[in-house]
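[1] here is a sequence together with a model predicted from it:
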Amino acid sequence: MSDGGGLRLEALLERRSRRLRVIVLGVALGCSLGILVYAGFRLIPPHPFGLADDYRVFYSAAKLLTAGHNPYATRGLEAVEQAVYHYPHLQPTLDSFAYLPITATVMVPLSQLPFWVSYALYSALGLVVAGLVISLLARDLGWRHDRLLVGAVVVSWVTVLGFVSGQFDALLLAVVAGAMLLGWRQHPLPAGLVMGLVWLKPDLLWPAPIFLFLALWPQRRSAARFALGFALTSIGCLAAYPGLLPAWWSAALGFSRTVGVSQPDLAGLPSLAGAAPAGWRLASGLTAPGSLAVAAIALAAMAVFAAWMMLSPDWRRLTPVGRIAWGVALPLGIWLVATPYAHTNDDLLLLPLLMLTVGRDARRVHGLGLWLSLAVVALVLLTWPGGLVPWEVATAAAILLGAAVWRRRTDPLLTGFGAGLAVLAMALLPPVSPFHLLQVALTPLAAAAVLVEGCRTCWMEVGGAGTGPAYASEPHLGIASSAVGG
């Protein structure tokens, strides 16, 4: 009888947890849609920092390249941009092209179409490719409701922001996640060929090929084939208009000087320091001491993680899926949080880490911890930028809450706190100026929440009780499974 009663109680708690998860995630989704509708009235008609603003740059650079001109020459680029779509006034950071020539090269076919037709086709292509790869990734990681996940990702503000501006984030996510999929499906050469496309945005994605290579290293032949594929695509990317590489380097250096100065929608921790209230504010430029210190800490953390991957017997118990998924997603998350030049829309690349963190079908998002995470997000918004809660009160509350959560960290009722905080922060905190809702950059808080919980979950998954064949082939029994989710 007692066993039957225990089973009935477990089923009841699971149903309540599911209802709670639906309610809170529904609130997050509704807020995301509300933010989108609010911003839509401010994004149309097109203007600097509005609809297709970044795409206007890429399209114009491809036009110049087709005509045999230098896309890094500011005056020529501005003239073509204004011919493509006229802005009443120019915005310096949107009138410079600082990507490698390969980026303009792949845009050449689309630049032969009318601007708005090209933008619509480009956005549709990114949507289809990203949706397909997210669905495949979810299925390999054990998600049953992959369509729901794809829909939630597509309507999230981070994703929409990338499509609104015409950025490459959806395609870059498909590159990284697609290479991961090919890697654990035993296709290392195609994985390397696909991963070589990180040269479209190497400043953000450079950890991905390194750590995928390390994840494959236990199988030397696979690692070598991956490296060969990556080298072939890299040669092709760098060989696109090699005579323009000096001009690209000069443009990249010039663009880096504006980071943290004229761009309010950055997503790394240095941006958070630069957007803090007076008295707390720190310089957040690319070479600012704080930015360099954060980058150094991130590099050290990635080095420690690499050593753990290569030397710890715990990692040898993982299947290729778990080794590659965690091995690529976590270092990439570290760099996205630490870099001073990631934007809000770039945080779409945190999706693999977020999926691993919340567990299959977001099962870790549950319990009292979920409500607690909602209260924390509300406290953040009421403090900054709301100004309704004094900083001193918010700081004291954060310290007390942190101490209480740490003391009760093994309590099953609180196991949903970190995962819930990661989801709600990504859903509610990213919208910033000039995308017309908040005047400060809260995105770094969301990215940091995902990273912190991701690190904790990775430690539990790899060194603790694994959650099934998608992650560990020989799970440990030292940590209660409720602590790591199902």
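    That came in fine, so what should we check first?

[2] residue contacts, residue 352?
    Contacts here follow CB atoms under 8 Å, 6 or more residues apart in numbering; on that basis residue 352 touches 137, 176-177, 180, 325, 328-329, 332. Every C-beta, even on glycine, is put in place using the N, C-alpha and C of the backbone.

[3] make a markdown table out of these and add secondary structure, neighbour count and pLDDT.
    Output for the contacts of residue 352, formatted as a markdown table (DSSP: H, G, I helix; E, B strand; the rest coil; neighbours: other CB atoms under 10 Å; pLDDT from 0 to 100):
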| residue | secondary structure | neighbour count | pLDDT |
| --- | --- | --- | --- |
| 137 | helix | 24 | 94 |
| 176 | helix | 26 | 97 |
| 177 | helix | 27 | 96 |
| 180 | helix | 28 | 97 |
| 325 | helix | 29 | 95 |
| 328 | helix | 27 | 97 |
| 329 | helix | 26 | 96 |
| 332 | helix | 23 | 97 |
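
[4] what helix or strand is residue 235 located in?
    Using DSSP states H and E, residue 235 sits in helix 220-238.

[5] from the contact counts, what lies against that helix?
    helix 101-111, helix 188-195, helix 207-216 (3 or more CB pairs under 8 Å, 6 or more residues apart in numbering; DSSP states H and E).

[6] out of those helices, flag the one nearest residue 411.
    helix 207-216 (33.3 Å; CB to CB).

[7] can I get the contacts of residue 352 in a markdown table including distance to residue 75?
    Formatted as a markdown table, the contacts of residue 352 follow (distance: CB to CB, whole Å):
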| residue | distance to residue 75 |
| --- | --- |
| 137 | 43 |
| 176 | 35 |
| 177 | 39 |
| 180 | 42 |
| 325 | 46 |
| 328 | 41 |
| 329 | 42 |
| 332 | 37 |
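
[8] what's the burial count for residue 339?
    23 (other CB atoms under 10 Å).

[9] how far away is it from residue 296?
    12 Å (CB to CB, to the nearest Å).

[10] in stretch 196-215, what's buried?
    196-201, 203-205, 207-209, 211-215 (16 or more other CB atoms under 10 Å).

[11] could you tell me which residues make contact with the residue nearest to residue 455 when sequence neighbours are not counted?
    Using CB to CB, 6 or more residues apart in numbering and skipping residues adjacent in sequence, the residue nearest residue 455 is residue 330, 6.9 Å away. In this structure, residue 330 makes contact with 305, 353, 454-455, 458, judged by CB under 8 Å, 6+ apart.

[12] between these, which is closest to residue 251?
    Closest to residue 251, out of all of these and judged by CB to CB, is residue 353, at 30.9 Å.

[13] distance from the host helix or strand of the closest one to the middle of the chain?
    Using DSSP H and E, residue 353 sits in helix 351-358. Relative to the chain's own centre, helix 351-358 is displaced by 10 Å; criterion: CA atoms, centre = their mean, to the nearest Å.

[14] from memory residue 72 sits against residue 244, does it?
    Yes: Residue 72 is within contact range of residue 244, at 6.9 Å (criterion: CB atoms under 8 Å).

[15] and these two? Which one has more around it.
    Taking other CB under 10 Å, residue 72 and residue 244 do not tie; residue 72 has more neighbours (24 against 18).

[16] secondary structure element for that one?
    Going by DSSP H and E, residue 72 is not in any helix or strand.

[17] tell me how far whichever helix or strand the residue nearest to residue 455 is part of lies from the chain's centre.
    For residue 330, the host element (DSSP H and E) is helix 320-338. Once both centres are worked out by CA atoms, centre = their mean, helix 320-338 turns out to sit 11 Å from its chain's centre.

[18] output that helix as PDB, nothing but the C-alphas.
    Extracted in PDB, the C-alpha atoms of helix 320-338 (Å, rounded to 0.1, in the frame of the first residue of the first chain):
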ATOM      1  CA  PRO A 320      29.400  11.600 -27.400                       C
ATOM      2  CA  VAL A 321      26.200  13.500 -27.100                       C
ATOM      3  CA  GLY A 322      26.800  14.600 -23.600                       C
ATOM      4  CA  ARG A 323      30.500  15.200 -24.100                       C
ATOM      5  CA  ILE A 324      30.000  17.400 -27.200                       C
ATOM      6  CA  ALA A 325      26.900  19.100 -26.000                       C
ATOM      7  CA  TRP A 326      28.400  20.300 -22.700                       C
ATOM      8  CA  GLY A 327      31.900  20.600 -24.100                       C
ATOM      9  CA  VAL A 328      30.800  23.200 -26.700                       C
ATOM     10  CA  ALA A 329      27.900  24.900 -25.100                       C
ATOM     11  CA  LEU A 330      29.500  25.800 -21.800                       C
ATOM     12  CA  PRO A 331      32.700  27.500 -23.000                       C
ATOM     13  CA  LEU A 332      30.700  29.400 -25.700                       C
ATOM     14  CA  GLY A 333      28.400  30.600 -22.900                       C
ATOM     15  CA  ILE A 334      31.400  31.700 -20.800                       C
ATOM     16  CA  TRP A 335      32.700  33.800 -23.700                       C
ATOM     17  CA  LEU A 336      29.300  35.300 -24.600                       C
ATOM     18  CA  VAL A 337      28.900  36.500 -21.000                       C
ATOM     19  CA  ALA A 338      32.500  37.900 -20.700                       C
END
